[in-house]
Structures are given as C-alpha cells and as structure tokens.
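# Sharing a sequence plus its predicted fold:
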Amino acid sequence: MSKPHIVILGAGLGGTIAAFEIKAAVGDKADVSVVNKGDTFHFVPSNPWVAVKWRTREAIEVDLKPVFKRKGVAFYPMGAKSIAPKDNKITLNSDFDLSYDYLVIATGPELAFDEIEGFGPQHYTQSVCHVDHALGASDAFEAFVRDPKPIVVGAVQGASCFGPAYEFALILDTELRRRKVRDRVPMTFVTPEPYVGHLGLDGVGDTKGLLESEMRQRHIKWITNAKVEKVTAGLMHIEEVNDDGSTKARHELPFGYSMLLPAFRGVEAVRGHEGLTNPRGFILIDKHQRNPAYPNIFALGVCVAIAPTGKTPVPVGVPKTGFMIESMVTAIARNFKEILAGKAPTHEATWNAICLADFGDGGVAFFAQPQIPPRNINWSASGKWVHLAKVGFEKYFIGKVKSGKSEPFYEKLALDLIGAHKIK
C-alpha cells in the first residue's frame, strides 16, 4: 500500500517552513513534495534593503535543492501551470501531471500591477515585492540620486501589505541623508489607509502616532484615503476621497522616483475553481486551514482569503504577517498528524501579529494578539533596537531555511518582546 502524498505548492516564507514542519510531523507516514517556480528561496522582508544596496541578492537567497534533498522532500522547481482539485492533480509547467492525496497551497500572491494604467516595474513605478523588482529599484535609485527630484512612496487601493511601504519611505530618507541629497528631494507618502498607521489592521497600539511622528520629523508629507487613478511618466494622478467615498481633491504629484505596493490576487494556477477561491482568487479556508469544498486542500499565507477588519472609504486589505503565517503552518502540520492517525483535525492558527519595521537608523515594532481587533495585546514601540532586531531576525530566518529547521520562531520572539518590554 502506497503512502499518502502531500504536495506543497509554493516555497516562499510559508511554503518552505511548511515543508519542514509537515515532514517533521508526518515522518515516514507520508511522502512530502514541494512545487515552486524556481529553485531559490529569497527572504522577502530584506527586499527594501536590496533596493538601496544595503544587501546583495546572494545575501538573502538560499538554494533549496540541497536543503529539500537533505530533508527527504521531493522538489519540483518548474512551477505549476494549473491545478485540478476534482482530479487531485497539478499540471506542472513541464506539462507533467503530479498527483496528490493532500494539497497545501502556499503560493503567495499575484501582483496586480495591471489594474492601474502605467503602474509597476514594467512602466513608471518601482516595487520591492520580489528580489528581481528590488534589484531594478536599486538601479533606478542609483540613477535618481545623480539627478534628485521628488519621490512618491506608498501603496495603491486594495493593497494589504503596508509595512514595507513605510519601511521603504523611511529607508529612502535615511539613505538620501547619508548621501547628502535629502534636502533636494521632496517626499510624499500615498496610501489608501484612512489614516497613517492603519496598516490594514485599524492600527496596533499607537502606530498612528508613532508613524506620523516619524514622517513629520523626516519632512515626509502624506495623502490618506488615496486612489491612484493612473501613472504617467514622472506624474502620479491621485484621487483623495472623503469618508463617504466622495471626491475630496485630485492631486498630480510629480516624481523622479516612485515605489508603490500593489493590490494582490490569487495566482493564475489556482483561480477559476468554484468553492476553492473567492472572486480575487484567494483560497477559502475553515478554522483548520482547510478548504470547505475540497477537504483535502489546505492553504496558508498571503494566498488565503481574509475579510477586511472593517469598511474603509478606499479598499484596504488585511496583511498576513509572519507570525500569522507561522501559526497557520504549525496548525496544518499538527492537523496532518491527526489525519494520518485516522482522527479529525482539531488545530487552529492563532493569527497573532508581530512586525519589525526597519527605518535604517531606527524603526517601529508592534505586537497584536490577536491580529484582528478587539485584542488582548495591542502594543507598539519605536527605537534603534528595532533595526538591530530586524537584522538579527534576517540572519536567523535565512539560517533556519539553510538548515531546514522546523521549530517555530515568532512565538519565541513574542515571548522575548513581552519579557523585555513588560507587555501586558
């Protein structure tokens, strides 16, 4: 009798650690395989540093082939063309059909640059969503500092990941001051959030006050409740709306350099299956991370569907932070252990949030338990220690991937923060 086959689709932050934890949980009771587009893991939180040459590509990447081989995990780096959930198979880009008994979708998002005219790395704005984009943003930044002009940074309507936008705006400020050209660069932060520091979470602790203070001190202006209508060469066309959604003002912001985070949607390989995804292509899950229509399909990370925290004048999504993703991974691994023992799954993700937003010479940290309000813990703080913590976190996580470690990390980080800062 053959063993059950568990296939993990995606090898980013969530999919890679899922492979380690699931393999550790099921042991020799199931075969585990990973399908990914490419054979390299790269640490996405470091992309803003790559964009200003504080990191090289090589410093934040790991070759997954020897890691998975060591862990006894089969690896298919050609990526997936499509899935057939009714037939329990994945068609790879090599046109090979890979069958599964259980599927874990951890693809991350597709970046919806095409939803706004002139938007994205193929047009007039930069991105730090992928290391390739960050390298392009780095080249554009080097050209920019030779001829400084205004900068526009932020996120567009429908975005759900705001931390890197704030990080990059303040990292740019730090780097421009180091290069002695900050005085020649007016900066504007543009966001669909109803207020600075909303973060798709209705704020955490005093993120509103902390981030507003940082931007005031660094002479960064901002526009909230903003819709980017289109981008043309050197000009950002923005509608600012009132709380009722009516137009408050229109802005045409000139820029010589811009980085705006896009809205996300589900990747093409998983879209179009009734009951599997919502209209944006995100995977529908129950409290055990399992799809209700296809109980042998689980999902984790940015690709899962989560309802917004509340109505906002401009659409704002909910971020899937590292702590939340790690808890999803752990819940799925433990549920597989129960399923293979003939039991019903009982484990649920905790969905707490920890974020270390680095500004190069300081930063803001927040801890939300749970991530969606109301909360038991609602804490934020700032200081140079955040930068040092982010550097340490990067070193630890990349080392974790290289070694194939399966133990959770964010829970330890939460306990360390609670102890060090006397969080209650």
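Sure, I can see it. Everything numeric here is computed off the predicted structure, so don't read it as measured data.
# Run through the strands of the stretch 201-350 of the chain in chain order.
220-223, 226-232, 235-241, 247-254, 257-261, 264-265, 297-299 (DSSP state E, counting those that start in this stretch).
# burial measure for W385, as a count.
15 (other Cβ atoms under 10 Å). For glycine as for every other residue, the C-beta is placed from the backbone atoms N, C-alpha and C.
# got it, and the one 3 residues further on?
Counted with other Cβ under 10 Å, the neighbours of L388 add up to 14.
# Also F96?
12.
# Same check on A59?
Neighbour tally, A59, other Cβ under 10 Å: 15.
# separation between it and I223?
34 Å (Cβ to Cβ, to the nearest Å).
# Report the separation between V145 and I83.
Taken as Cβ to Cβ, the span from V145 to I83 is 45 Å.
# More neighbours: the two, which one.
More crowded of V145 and I83, by other Cβ under 10 Å: I83, with 27 against 17.
# which one is the more buried one nearest to, not counting chain neighbours?
I90 (5.1 Å; Cβ to Cβ, 6 or more residues apart in numbering).
# Quick one: residues contacting the one you found.
V7, L9, V35, A80, S82, I83, A84, D97, L98, Y100, L103, A269 (Cβ atoms under 8 Å, 6 or more residues apart in numbering).
# mind redoing it with 10 Å?
7, 9, 33, 35, 76, 79-84, 96-100, 103, 269-270 (Cβ atoms under 10 Å, 6 or more residues apart in numbering).
# If it is in a bridge, with which residues?
For I90, the beta-bridge partners are I83, L98 (DSSP bridges).
# And the helices in the protein, which stretches?
Assigned by DSSP state H, the chain shows helices spanning 13-26, 47-50, 64-71, 131-145, 163-178, 207-217, 322-340, 384-403, 410-421.
# quick one: which of these has the weakest pLDDT on average?
The stretch with the lowest mean pLDDT among those is helix 410-421, at a mean of 73.
# How about that one, which residues are buried there?
Y410, E411, L413, A414, L417 (16 or more other Cβ atoms under 10 Å).
# Save these as JSON lines, and put in distance to P319 too.
Below are the buried residues of helix 410-421 laid out as JSON lines (distance: Cβ to Cβ, whole Å):
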{"residue": "Y410", "distance to P319": "14"}
{"residue": "E411", "distance to P319": "19"}
{"residue": "L413", "distance to P319": "17"}
{"residue": "A414", "distance to P319": "17"}
{"residue": "L417", "distance to P319": "18"}
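# Relative to I339, which of the residues you listed is nearest.
E411 (23.3 Å; Cβ to Cβ).
# and that closest one, what does it touch?
F323, E326, S327, T330, T350, N352, I354.
# quick one: which of the residues you listed is nearest V185?
Looking across the contacts of E411 and measuring by Cβ to Cβ, the closest to V185 is I354, at 31.7 Å.
# pretty sure the closest one contacts A368?
Yes: if you go by Cβ atoms under 10 Å, I354 and A368 touch, sitting 7.9 Å apart.
# Of these two, which one has the most company?
The neighbour count for I354 versus A368, taken as other Cβ under 10 Å, is higher for A368 (28 against 23).
# Show me the beta-bridge partners of the more buried one.
Beta-bridge partners of A368, as defined by DSSP bridges: A353, N378.
# can you tell me how far it sits from T321?
9 Å.
# shared neighbours of the two, which are they?
Common neighbours of A368 and T321 (Cβ under 10 Å, 6+ apart) are L199, L201, W351, N352, A353, I354, C355.
# where does the fourth one land on pLDDT?
Predicted confidence (pLDDT) for N352: 89.
# Hmm, it is touching F366, no?
No: look at N352 against F366 with Cβ under 10 Å: they stay out of range, at 11.0 Å.
# Compare these two and say which one has the larger neighbour count.
F366 (28 against 22).
# Quick one: residues contacting that one.
F366 touches 163, 197, 199, 201, 203-207, 210, 321, 353-357, 377-382, 386, 417, counting by Cβ under 10 Å, 6+ apart.
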